[in-house]
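Q: Compute the structure for the input listed below.
(one chain, ligands or ions: 2)
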Amino acid sequence: MPAEPIWPFDNSYARLPERFFARVRPTPVAQPGLVRLNEPLAEALGLEVAALRGKAGLAMFAGNRLPEGAEPIALAYAGHQFGQWVPQLGDGRAVLLGEVVDRDGRRRDIQLKGSGITPFSRGGDGRAPIGPVVREYLASEAMHALGIPTTRSLAAVTTGEPVLRERVEPGGILTRVAHSHVRVGTFEYFHWREDVDALRTLADYVIARHYPELADDARPHLALLKAVIDRTAELVAHWISVGFIHGVMNTDNTSLVGETLDYGPFGFLDAYHPRTCYSAIDIENRYAFDQQPRIAHWNLTRLAETLLPLLHEDEDEAVARAGEALNGFLPRFEACHHARLRAKLGLAESRRGDIDLAHELLDLMARQQADFTQVFRALSDERMDDPDEGRARRCFARPEALDGWRARWIQRLRQEGRPEPARQAAMRAVNPKFILRNHLAQWAVDAATERGDFGPMDQLLQVLTRPYDPQPEAEALAAPPRPEQQVYQTFCGT
Ligand code: AMP
Ligand code: MG
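A: Ligands and ions are numbered 1, 2, ... in the order given. Presented below is the predicted three-dimensional model:
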């Protein structure tokens, strides 16, 4: 008999003032079934895998049994959704069970998502269909493997209960692990209530937990704002480098620690076009691929507004300081974005004209709807001296259009004198072969929803957790969708 799973909880958010959350227990479900346990993550969290795999572990992931030391709370937050102010959102279908300190000494939130109604449910059912649970599990683990800061997925379970959406779907619960569930919307919640004490408490909490190096800064709250701006700029540049579109960059989905948070109608680019927007609910294309830096800046501006009373007692001075911090966003984003573009092209040094060279390629790709991931991966494998070499050419409908660009790229590479194998290896380490293409996610979701079949999910995880490895046996999962597989829209499906 496996022992009762022990969770080394050490909760801090539940020590904050009561108005920061609502104490609420998960609602038990009829018949839980384990879909997947993330064993490497469990180990990194210092949890015992064998015990979690047992009946008691399953009951915990389903919300049927509260682990010892858990103090379940639903967090209060507000947010701007598609630019519209919503004074109260909050965890409407999630509870934070508590925090554990991982093997690296970092505090991680353990949250059940889809665990029943809370005081923040606003008429929702507090539940999640299994489809979105599978999507979030796949996406977060794929993003992590790509090296992008993200919340993680520790477990997915089915509930044995139906969930009514556009049709009846099987229910599921995701156990989400995050460095933080504090969002821009958490600050907005207290800002709107003119609760400066709470804002100060929250800001100090975030500094102590996530940015301890700022605690001794002469202006810690300004330093916090700058740090969040930097991390968010870095995150968005990272997204863009792999063709990720978050899809619903509302302020309540914007993390204070620069972690990708809330996978709803996200998507990865297949064919490259900067205006790509898959989200079915985003009719104005507000959150299109190339809008993400602008939106991140907009969200950070909302954060800055909430911090004004902490920045200086004189409002003009506070506004000036916040403005100066916000002005740091674009240079930070561009520095990261440009560094990533250079790396994607295999350029180890920085020279004038590099970014133009990258944009010329992107323009060609946009004009011919070339596949974003395949083009960069083909360039990684390309051998410069072979006149018959045509890997990247094969990604284009009119390959001759690439020839002039390729000649200039090779000329630029030659200026560095890096040996070809080193250049190829460096490029393969930043240009993934495998991404969670929309049709692949859909394949896994459909199998799970319609047949309770988690085989596709397992197959995808196996490949997507090593996205930079060639894995020749998985070639089919690297391919862009055939026309009949193409997914043009993604849905929240919550
Ligand atoms: P999201 O789209 O996941 O960022 O959620 C936006 C807001 O809607 C959050 O406050 C959620 O907690 C809430 N919400 C989403 N789905 C549900 C649901 N099924 N039941 C209750 N609240 C929900
Ligand atoms: Mg959300």
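Q: CA only for contacts and neighbour counts going forward, please
A: Fine.
Q: what sits against the residue lying closest to residue 485 once chain neighbours are set aside?
A: Ranked by C-alpha to C-alpha, 6 or more residues apart in numbering and with sequence neighbours excluded, the top spatial neighbour of residue 485 is residue 439, at 6.0 Å. Residues in contact with residue 439, defined by C-alpha atoms under 8 Å, 6 or more residues apart in numbering, are 481, 485, 486, 487.
Q: Just the buried positions in the helix or strand where residue 439 lies, please.
A: Using DSSP states H and E, residue 439 maps to helix 438-451. By neighbour count with 16 or more other C-alpha atoms under 10 Å, helix 438-451 contains the buried residues 438, 439, 440, 441, 442, 443, 444, 445, 446, 447, 448, 449.
Q: Check which element follows it along the chain.
A: helix 455-464.
Q: Tell me what angle that next one forms with helix 438-451.
A: Counting by axes from the mean of the first three to the mean of the last three C-alpha atoms, to 10 degrees, helix 455-464 points 150 degrees away from the direction of helix 438-451.
Q: Return the residues of the protein in contact with ligand 1.
A: Counting by C-alpha under 6 Å from any ligand atom, the chain comes close to ligand 1 at 89-93, 121, 124-128, 253, 494.
Q: again, only using 5 Å
A: Within the chain, the positions lying close to ligand 1 (C-alpha under 5 Å from any ligand atom) are 89, 90, 91, 92, 93, 121, 124, 125, 126, 127.
Q: and the third one, which of the three is it?
A: Three-state secondary structure (criterion: DSSP: H, G, I helix; E, B strand; the rest coil) places residue 91 in coil.
Q: quick one: contacts for it?
A: Neighbour list for residue 91: 74, 75, 76, 77, 118, 120, 121 [criterion: C-alpha under 8 Å, 6+ apart].
Q: Phi and psi next, for it.
A: Main-chain dihedrals, residue 91, degrees, to the nearest 10: phi -70, psi 100.
Q: So it versus residue 126, what's the distance?
A: To residue 126, residue 91 is 9 Å away according to C-alpha to C-alpha, to the nearest Å.
Q: next one: residue 60
A: 17 Å.
Q: where does the stretch 301-450 of the chain have low pLDDT?
A: Low-confidence segments of the stretch 301-450 of the chain, defined by pLDDT under 70: 387-388.
Q: Show me the strands in it, by range?
A: For the stretch 301-450 of the chain, applying DSSP state E, counting those that start in this stretch gives no strands.
Q: rewinding a little: can you pick out the most distant pair from the contacts of residue 91?
A: 77 and 118 (13.1 Å; C-alpha to C-alpha).
Q: could the residues of the chain next to ligand 1 be laid out in JSON lines, adding pLDDT?
A: Putting those into JSON lines (pLDDT from 0 to 100) gives the following:
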{"residue": "89", "pLDDT": "98"}
{"residue": "90", "pLDDT": "98"}
{"residue": "91", "pLDDT": "98"}
{"residue": "92", "pLDDT": "98"}
{"residue": "93", "pLDDT": "98"}
{"residue": "121", "pLDDT": "98"}
{"residue": "124", "pLDDT": "96"}
{"residue": "125", "pLDDT": "97"}
{"residue": "126", "pLDDT": "98"}
{"residue": "127", "pLDDT": "98"}
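Q: ok, which stretches of the stretch 151-300 of the chain are helices?
A: For the stretch 151-300 of the chain, the helices defined by DSSP state H, counting those that start in this stretch occupy 184-192, 196-210, 220-241, 292-311.
Q: what is the orientation angle of the second one with helix 184-192?
A: Here the directions of helix 196-210 and helix 184-192 differ by 160 degrees (the same axes, to 10 degrees).
Q: Just the angle for helix 196-210 relative to helix 220-241, thanks.
A: With the same axes, to 10 degrees as the basis, helix 196-210 and helix 220-241 are set at 60 degrees to each other.
Q: Buried residues, helix 196-210. List them.
A: Neighbour-count burial for helix 196-210 flags 196, 198, 199, 200, 202, 203, 204, 205, 206, 207, 210 (criterion: 16+ other C-alpha under 10 Å).
Q: got the contact list for the first one?
A: What it means is residue 196. Applying C-alpha under 8 Å, 6+ apart to residue 196 gives the contacts 190, 309.
Q: out of the contacts of residue 91, which are inside strands?
A: Among the contacts of residue 91, DSSP state E puts 74, 75 in strands.
Q: want to throw the contacts of residue 91 into CSV with neighbour count?
A: Formatted as CSV, the contacts of residue 91 follow (neighbours: other C-alpha atoms under 10 Å):
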residue, neighbour count
74, 27
75, 25
76, 22
77, 25
118, 26
120, 21
121, 18
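Q: Among the helices of the stretch 151-300 of the chain, which comes closest to residue 48?
A: Nearest to residue 48 among those is helix 196-210; the distance by C-alpha to C-alpha comes to 25.2 Å.
Q: what is the orientation angle of the closest one with helix 292-311?
A: Relative orientation of helix 196-210 versus helix 292-311 (the same axes, to 10 degrees): 120 degrees.
Q: what about dumping the CA coordinates of helix 196-210 to PDB?
A: Written as PDB, here are the backbone C-alpha positions of helix 196-210 (Å, rounded to 0.1, in the frame of the first residue of the first chain):
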ATOM      1  CA  VAL A 196      -3.700  51.600  -0.600                       C
ATOM      2  CA  ASP A 197      -2.900  49.500   2.400                       C
ATOM      3  CA  ALA A 198      -3.700  46.400   0.500                       C
ATOM      4  CA  LEU A 199      -1.700  47.600  -2.500                       C
ATOM      5  CA  ARG A 200       1.300  48.100  -0.300                       C
ATOM      6  CA  THR A 201       0.900  44.800   1.400                       C
ATOM      7  CA  LEU A 202       0.600  43.100  -2.000                       C
ATOM      8  CA  ALA A 203       3.600  44.900  -3.500                       C
ATOM      9  CA  ASP A 204       5.700  44.000  -0.500                       C
ATOM     10  CA  TYR A 205       4.500  40.400  -0.700                       C
ATOM     11  CA  VAL A 206       5.500  40.200  -4.300                       C
ATOM     12  CA  ILE A 207       8.900  41.700  -3.600                       C
ATOM     13  CA  ALA A 208       9.600  39.400  -0.700                       C
ATOM     14  CA  ARG A 209       8.500  36.300  -2.500                       C
ATOM     15  CA  HIS A 210       9.600  36.900  -6.100                       C
END
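Q: what's across from residue 95 in the sheet?
A: Per DSSP bridges, the residues bridged to residue 95 are residue 112.
Q: returning to what we had before: dump the contacts of residue 439 to a markdown table, plus secondary structure.
A: Output for the contacts of residue 439, formatted as a markdown table (three-state DSSP):
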| residue | secondary structure |
| --- | --- |
| 481 | coil |
| 485 | helix |
| 486 | coil |
| 487 | coil |
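Q: Would you reformat the residues you listed as TSV and include neighbour count?
A: Below are the contacts of residue 439 laid out as TSV (neighbours: other C-alpha under 10 Å):
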residue	neighbour count
481	18
485	13
486	15
487	17
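Q: Just the closest of those to residue 217, please.
A: Of all the contacts of residue 439, residue 487 has the smallest distance to residue 217: 48.4 Å, by C-alpha to C-alpha.
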